[in-house]
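# from the sequence below, what's the structure:
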Amino acid sequence: MRAITVVPGKPDQVRLSEVAEPAVAEGALLVEGRLLGICGTDVDIVEQGYGWPPPGRDRLVVGHESLGSVLQAPAGSGFAPGDLVVGIVRRPDPVPCLPCSRGEWDFCRNGRYTERGIKQRDGYGAARWRIEPEFAIRLEPGLGDCGVLLEPASVLAKAWEQTERIFTRSSWRPEVALVTGAGPIGLFAALLGVQRGLEVHVLDRNDIGPKAQLVADLGATFHTGDVTAIGVAPDVVIECTGHGPLVFELADVVAPDAVICLTGISSGTRTVTVGLDEINKEIVLENTVLFGSVNASRRNYEQAATALAAADRGWLQRLITRRVPMSEFAEALHKRDDDVKVVVDLQG
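All right, here's what the predicted structure looks like:
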């Protein structure tokens, strides 16, 4: 069968390969791949060398943002042929550490976890793949192709869950949210903020393409420019750019007792001089919490599935701005100005 394979760090080695059918040992569910989402992690794997093929191999079947239809499901699995499913990315480490033993592999403490399409496990970029029922999420059929958005949405479901847990330290609750970055991650952060009834503001470096209108259609407010000049003192910030200097600026603009959740990672190496002592004083005196969040547990995938099911279907469909065949995966890694989410058609 066909699969997209890569050698991490070697862009000229992206291939549409013929590989063996997935072995039953990989999971009881046999799934026909429908769509594969592309994100910055895939770019880092191909171009920067992030990522690890399965042991003993130099090539990795890439892809972690999945969508497929069940072809075969054993009795008692909770699934049936035709079910629309998404595969969870991370697997617990084999030791396992305490969090992994309790289904909290997103908090793995020893780093021995594996990840489909990223770390030591083949991904979902294939015509067919297998998965364990406990790592598959069934979606409402009406979501259709928008189901490919579940994995990135799960990352923000976790970010919001953790943020809300921190707010339980006090009796007050946030009213104003700022999301920095209007890519797919930022848009999902905004969607979940609006669904929570917050006044949501989204800041991006430019308004090229459909981002500004997508934000407006959520009922949120779109901004460009400097974060210190937008006139908003947010109670909560979901930071989705990974831009280091911005993180320090946020500490200076948030309201007292604010929570800042970092979800973005940047590969930049620019050096910036900042007044850490002053920032430290502001964080301490204002009861500010600054924390990072990555990956997601099964619970967060289920939260994200609920959020997508409740979202306007037309709005979700507009997030998918470009579809490409498997043979054009390498070119699709490079976003165009009007791209939001690029997906690969695994059946085309």
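# in which helix or strand would I find L67?
strand 65-72 (DSSP states H and E).
# got the buried residues for that strand?
Buried residues in strand 65-72, counted by 16 or more other CB atoms under 10 Å: 65-70, 72. Where you see a C-beta, it was placed from the backbone N, CA and C, and this is true even at glycine.
# distance from that strand to the middle of the chain?
Distance of strand 65-72 from the chain centroid (CA atoms, centre = their mean, to the nearest Å) equals 18 Å.
# and it, what does it pack onto?
Strand 65-72 is packed against strand 29-37, strand 84-87, strand 128-131, helix 150-167, with contacts defined by 3 or more CB pairs under 8 Å, 6 or more residues apart in numbering; DSSP states H and E.
# just the CA atoms of the first one, as CSV, please.
Output in CSV follows, covering the C-alpha atoms of strand 29-37 (Å, rounded to 0.1, in the frame of the first residue of the first chain):
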residue,chain,number,x,y,z
LEU,A,29,-8.8,-1.8,14.4
LEU,A,30,-8.0,-1.6,10.7
VAL,A,31,-8.7,1.9,9.4
GLU,A,32,-8.8,3.3,5.9
GLY,A,33,-7.0,6.7,6.0
ARG,A,34,-9.0,9.6,4.8
LEU,A,35,-7.1,12.8,5.6
LEU,A,36,-3.8,13.8,7.2
GLY,A,37,-3.3,17.2,8.7
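# could you point out which element follows that strand?
helix 40-43.
# residues contacting the next helix or strand after that following helix, please?
Scanning forward in sequence from helix 40-43 by DSSP H and E, the next helix or strand is strand 60-61. With contact meaning CB atoms under 8 Å, 6 or more residues apart in numbering, strand 60-61 is reached by 3-8, 19, 45, 51-54, 117, 122-126.
# sort out which of the residues you listed are buried, if you could.
Buried members of the contacts of strand 60-61, counted by 16+ other CB under 10 Å: 3-8, 19, 45, 51-53, 117, 122-126.
# pick out the most distant pair among the buried residues of strand 65-72.
When CB to CB is used, the two most widely separated members of the buried residues of strand 65-72 are E65 and Q72, lying 22.8 Å apart.
# now the least confident helix or strand in the chain by mean pLDDT: buried residues?
In the chain, the helix or strand scored least confidently by mean pLDDT, DSSP states H and E is helix 276-285, which has a mean of 76. Buried residues in helix 276-285, defined by neighbour count with 16+ other CB under 10 Å: 279, 283.
# same for it, what does it pack against?
Counting by 3+ CB pairs under 8 Å, 6+ apart, helix 276-285 packs on helix 244-253.
# quick one: the helix it packs on to helix 276-285, angle?
50 degrees (axes from the mean of the first three to the mean of the last three CA atoms, to 10 degrees).
# at which residues are the helices of the protein located?
40-43, 98-101, 150-167, 184-195, 211-218, 244-253, 276-285, 298-310, 313-319, 329-332 (DSSP state H).
# quick one, which of those is nearest to L29?
helix 298-310 (15.0 Å).
# give the buried residues for that closest one.
For helix 298-310, burial by neighbour count (16+ other CB under 10 Å) applies to 298, 300-305, 307-308.
# in JSON lines: the residues you listed, plus pLDDT and distance to P96.
JSON lines is the format used below for the buried residues of helix 298-310 (pLDDT from 0 to 100; distance: CB to CB, whole Å):
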{"residue": "R298", "pLDDT": "98", "distance to P96": "15"}
{"residue": "N300", "pLDDT": "98", "distance to P96": "19"}
{"residue": "Y301", "pLDDT": "98", "distance to P96": "19"}
{"residue": "E302", "pLDDT": "98", "distance to P96": "21"}
{"residue": "Q303", "pLDDT": "98", "distance to P96": "23"}
{"residue": "A304", "pLDDT": "98", "distance to P96": "24"}
{"residue": "A305", "pLDDT": "98", "distance to P96": "25"}
{"residue": "A307", "pLDDT": "98", "distance to P96": "29"}
{"residue": "L308", "pLDDT": "98", "distance to P96": "30"}
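# in its sheet, what does the strand holding L67 sit against?
strand 29-37 (antiparallel), strand 84-87 (antiparallel) (DSSP bridges).
# need those in a markdown table (columns: distance to S293).
As requested, these are exported to a markdown table (distance: least, CB to CB, whole Å):
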| stretch | distance to S293 |
| --- | --- |
| strand 29-37 | 19 |
| strand 84-87 | 20 |
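# most tightly surrounded among these?
Counting by mean count of other CB atoms under 10 Å, strand 84-87 has the highest mean neighbour count of the strands paired with strand 65-72, with a mean of 25.
# measure how far that strand is from the centre of its chain, please.
15 Å.
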